[in-house]
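# heads up, no residue letters with this:
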C-alpha cells in the first residue's frame, strides 16, 4: 500500500467518524443513491465556484467517494492517476466537459446498485476517485492537501450542519 492510499484510507475513516458525530446517517448500501446525488451536487458546485476554488469542491467529491468505498468496500485499492492527455486550456467549458466522466460514473454506480451488482458499484466508485485525481492534475490542484484541509474543517462544523429537516 503506497502513502497516498494510506492517507486516503485515513481520511475516509476520519470523514465517516466526523459525519456520524455530527449527526448524519452512517453509510449503508441502502443510501448509496442519495450519496451519489450528493457527489453530483458537489460536481455542480465545482463548476459554479470561482475557478481557484474548484479544488475545494473536488476535495468534497473525493471525501464522499472514499467515504463510500471505506464502508462498503473496505478492501478497495487506490489506482493512481497517470497523467497523459489533458486539455491544453482549462476554462469553464472545458471543465464542464471533463466533469461528464464523473457524472457518468455516478450514473453507472446507481444503475449497478439497482441491479445489486456490487462489483460494478465498486468499480464505478474507484473510477470516480480516479477522476478526482485526473481533474486535480488538470486544474493543478494538490488534492491531498485540499482534502486534508476539508476534513479538518469538517471537524469544526456544527451538529447536522446543512441537513434538511423533514425529508
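Received, thanks. Owing to the predicted nature of the structure, the values given are computational and were not obtained by experimental measurement. Residues are numbered from 1 along each chain as shown.

# make it CA atoms for all contacts and neighbour counts henceforth
Will do.

# what comes into contact with the one helix or strand residue 152 maps to?
Assigned by DSSP states H and E, residue 152 falls within helix 143-155. Under the criterion C-alpha atoms under 8 Å, 6 or more residues apart in numbering, residues 11, 14-15, 18, 55-56, 58-60, 62-63, 133, 136 lie in contact with helix 143-155.

# can you do 6 Å?
Defining contact as C-alpha atoms under 6 Å, 6 or more residues apart in numbering, one finds that helix 143-155 is touched by 59, 136.

# give the buried residues for that helix.
143, 144, 146, 147, 148, 150, 151, 154, 155 (16 or more other C-alpha atoms under 10 Å).

# same check on stretch 35-45?
35, 36, 38, 39, 40, 42, 43, 45.

# per-residue pLDDT of the fourth one, please?
According to the per-residue confidence, residue 39 scores 95 in pLDDT.

# other residues contacting stretch 125-134?
Stretch 125-134 is contacted from outside by residue 102, using C-alpha under 6 Å, 6+ apart.

# what helix or strand does the closest residue to residue 80 other than its chain neighbours sit in?
When the adjacent residues along the chain are set aside, residue 80 lies closest to residue 130, with 6.9 Å between them (C-alpha to C-alpha, 6 or more residues apart in numbering). Assigned by DSSP H and E, residue 130 belongs to helix 118-139.
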